[in-house]
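A.B. asks: Got a predicted structure plus its sequence, pasted below:
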Amino acid sequence: MNKNFNFDNLNLLTKKCLYISDNKAILRNKKLYCISDLINNESYKNLYVTEDIKEAKDHNDYSEIYIDLGVIMFYIGYTMDGYTDVQKVAYRLEHIIKTTLDDFKSNIIERANSNQFINVAEIKLMELSGEDISPLVTARESFLQAREERYAQELIEKELKDQQFLLEKKSELDIIIIAAENAICNNQEVKNVDVRVYTEAYTYGYTETSLILYLMKKYEIKVPLKTQGWINKALAQISYDDNKYNYSYYTSSANSTVFRDYLQQLVLAIKLVHRVTAA
């Protein structure tokens with residue numbers, strides 16, 4: 001704990017506090033230390049921090065800061081921990097020490113009138129101050145409704161954009177696949193290039209596989225996992241010579257003893273489908 005804080009002979013005060021929990025305005029007694037006593041600076045006598053500041057063990061422990069507005073102790077949205085330097089505390093809070101209840105009220109009304117967000121604790125503060133809160137409730141509801149409508153529209157636009165992205169990627173893949181199928185139907189060489197199959201636009205998520213393995217799966221050729229791995233890593237290309245399809249593989253890998261059988265199944269399946277489609 002920062003030894004610069006003065007925890008000797010501190011008065012622990014019980015004060016009614018206003019804060020937000022689960023999106024509800026909560027009025028509850030809390031035990032507080034006056035920040036002016038903590039940092040030995042009388043200018044901060046209207047600011048308070050919750051009692052757990054004394055037991056804060058590290059920077060992950062945060063204590064809430066409240067301002068005394070007369071009608072209530074109001075949570076200002078700031079926190080501090082037991083290691084915060086005294087000078088930093090003073091510097092961070094110096095802009096609010098002269099803020100009054102009227103300042104808070106004026107700011108809340110101004111934001112409500114300009115279609116900005118106001119929270120439930122601020123509305124409760126106005127109620128405790130004797131103000132008519134019905135215009136504020138209406139303003140908050142209007143803001144939330146407009147925000148919800150805006151989010152809904154943004155979601156629709158995003159979904160359309162994502163769909164367009166996936167359609168474009170599918171079209172790019174289809175061009176590669178159709179070219180490979182046509183090449184096989186015409187007994188031409190097909191290089192076993194890597195292809196990307198996009199499944200998620202938001203994260204640009206895709207699976208990467210080799211062209212020939214993609215075709216194997218498309219035409220439901222059941223290939224063992226070991227051979228799938230060989231196709232992805234070792235197979236370089238397939239080519240047609242001596243009236244049959246053959247293949248070549250990278251010399252860094254051993255030959256497959258079974259790939260030829262699956263290759264023949266694939267060629268027959270592709271030619272059969274394209275023959276039927278052409279007919």
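C.D. replies: Everything's here; your move. Residues are numbered from 1 along each chain as shown.

A.B. asks: Quick one: end-to-end length of stretch 74-92, please.
C.D. replies: 17 Å (Cα to Cα, to the nearest Å).

A.B. asks: Now do it: distance to the chain's middle.
C.D. replies: 28 Å (Cα atoms, centre = their mean, to the nearest Å).

A.B. asks: May I ask which helix or strand of this structure has the lowest mean pLDDT?
C.D. replies: Least confident element among the helices and strands of the chain, by mean pLDDT, DSSP states H and E: helix 86-93 (a mean of 86).

A.B. asks: Now tell me what touches stretch 253-268 from outside.
C.D. replies: 184, 212, 215-216, 219, 221, 223-224, 227, 230-231, 233-235, 238, 245, 247, 249 (Cβ atoms under 8 Å, 6 or more residues apart in numbering). Glycine gets a C-beta too; all of them are placed from N, C-alpha and C.

A.B. asks: What subset of those is buried?
C.D. replies: Among the contacts of stretch 253-268, those scoring as buried are 184, 212, 215-216, 219, 221, 223, 227, 230-231, 234-235, 238, 245, 247, 249 (criterion: 16 or more other Cβ atoms under 10 Å).

A.B. asks: Looking at the residues you listed, spot the one nearest S171.
C.D. replies: L215 (17.6 Å; Cβ to Cβ).

A.B. asks: what about the closest residue to the closest one other than its chain neighbours, which helix or strand?
C.D. replies: Nearest residue to L215, sequence neighbours excluded (Cβ to Cβ, 6 or more residues apart in numbering): L266, at 6.0 Å. In this structure, L266 is located in helix 259-278 according to DSSP states H and E.

A.B. asks: Check E181 too.
C.D. replies: helix 134-185.

A.B. asks: which other helices and strands contact that helix?
C.D. replies: helix 101-113, helix 120-128, strand 190-191, strand 194-200, helix 211-218, helix 259-278 (3 or more Cβ pairs under 8 Å, 6 or more residues apart in numbering; DSSP states H and E).

A.B. asks: looking at these, which is closest to V49?
C.D. replies: Ranking the helices and strands packed on helix 134-185 by distance to V49, with Cβ to Cβ as the measure, places helix 120-128 first at 17.7 Å.

A.B. asks: mind listing what the longest strand anywhere in the chain pairs with, with the direction of each?
C.D. replies: Scanning the chain for the longest strand, with DSSP state E as the assignment, gives strand 24-34. Strand 24-34 sits in its sheet next to strand 13-21 (antiparallel), strand 47-50 (antiparallel), going by DSSP bridges.

A.B. asks: List the buried residues of the helix or strand G77 falls within.
C.D. replies: If you go by DSSP H and E, G77 is part of strand 73-80. Applying a neighbour-count criterion of 16+ other Cβ under 10 Å, one finds M73, F74, Y75, I76, Y78, M80 buried in strand 73-80.

A.B. asks: Relative to L101, which of these is nearest.
C.D. replies: For those, the nearest to L101 is F74 (8.7 Å; Cβ to Cβ).

A.B. asks: Kindly provide the distance from the closest one to L225.
C.D. replies: The gap separating F74 from L225 is 63 Å, by Cβ to Cβ, to the nearest Å.

A.B. asks: and what of Q264?
C.D. replies: In terms of Cβ to Cβ, Q264 sits 20 Å off from L225.

A.B. asks: Have a look at these two and say which one is more surrounded.
C.D. replies: Shown here are Q264 and L225; by other Cβ atoms under 10 Å, Q264 has more neighbours (13 against 7).

A.B. asks: Tally up the residues packed near the residue nearest to L215, please.
C.D. replies: With other Cβ under 10 Å as criterion, L266 counts 20.

A.B. asks: As TSV, the strands paired with strand 24-34 with distance to K161 would be great.
C.D. replies: Below are those laid out as TSV (distance: least, Cβ to Cβ, whole Å):
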stretch	distance to K161
strand 13-21	34
strand 47-50	45
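
A.B. asks: With respect to E200, which of those strands lies nearest?
C.D. replies: Using Cβ to Cβ, the strands paired with strand 24-34 put strand 13-21 closest to E200, at 35.1 Å.

A.B. asks: The closest one versus helix 120-128: what angle between them?
C.D. replies: Here the directions of strand 13-21 and helix 120-128 differ by 120 degrees (axes from the mean of the first three to the mean of the last three Cα atoms, to 10 degrees).

A.B. asks: Quick check, pLDDT for M73.
C.D. replies: Confidence at M73, expressed as pLDDT, is 98.
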